[in-house]
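# Got a predicted structure plus its sequence, pasted below:
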Amino acid sequence: MSSPSNRSAAAAALSLEAYAEQAGAALACAYSSSAEFDAALIAERRAAGVYGPKRQRRQMLIAGAGIMAGVAVVIAVIQLL
């Protein structure tokens with residue numbers, strides 16, 4: 001027959017083992033590779049609008065500047081005639 005101290009030690013050991021397994025599961029990564037993590041991060045940032053609008057804004061500014069330069073050239077040519 002086991003003594004009460006042995007039973008409580010065994011129970012404590014089992015409890016400690018269960019806590020260690022739970023802690024290991026909590027620290028586990030949800031991604032199997034860094035590439036998968038990077039893809040998820042980029043997808044999340046795209047959904048938040050981090051990458052998209054700046055490029056469109058820059059292209060629109062360049063196109064607008066080109067149009068304004070073209071209009072200025074046309075006006076200058078018309079005034080010379």
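Right, received. Where do you want to start? This structure is a prediction, so every number in the text was calculated from the model and none was measured. Residues are numbered from 1 along each chain as shown.
# now stretch 68-81, how far from the chain's geometric center?
48 Å (C-alpha atoms, centre = their mean, to the nearest Å).
# And it, what's buried?
Using 16 or more other C-beta atoms under 10 Å as the test for burial, stretch 68-81 gives no buried residues. Every residue, glycine included, has its C-beta placed from N, CA and C.
# quick one: terminal-to-terminal distance for stretch 46-58?
The first and last residues of stretch 46-58 sit 17 Å apart, counting by C-alpha to C-alpha, to the nearest Å.
# tell me the mean pLDDT over it?
Across stretch 46-58, pLDDT averages out at 75.
# Take stretch 72-81, keep the C-alpha atoms, and write them as CSV.
Below are the C-alpha coordinates for stretch 72-81, written out as CSV (Å, rounded to 0.1, in the frame of the first residue of the first chain):
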residue,chain,number,x,y,z
ALA,A,72,1.2,73.6,-70.7
VAL,A,73,3.0,72.6,-74.0
VAL,A,74,-0.2,72.9,-76.0
ILE,A,75,-0.9,76.3,-74.5
ALA,A,76,2.7,77.5,-75.3
VAL,A,77,2.4,76.3,-78.9
ILE,A,78,-1.0,78.0,-79.3
GLN,A,79,0.4,81.3,-78.0
LEU,A,80,3.4,81.1,-80.5
LEU,A,81,1.0,80.7,-83.4
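# Looks like Arg45 contacts Tyr51 (just checking).
Yes. Between Arg45 and Tyr51 a contact is recorded at 6.3 Å, counting by C-beta atoms under 8 Å.
# Show me the shaky parts of the protein.
In the predicted model of the chain, residues 1-5, 23-28, 52-55 satisfy pLDDT under 70.
# Let's check: the centremost residue of it is which one?
By C-alpha atoms, centre = their mean, the mean C-alpha position of the chain lies nearest to Leu41, the distance being 2.5 Å.
# So what's the gap between the longest helix along the chain and the chain middle?
For the chain, the longest helix by residue count, based on DSSP state H, is helix 52-80. Chain-centre distance of helix 52-80: 35 Å, with C-alpha atoms, centre = their mean.
# Nothing else from me, thank you.
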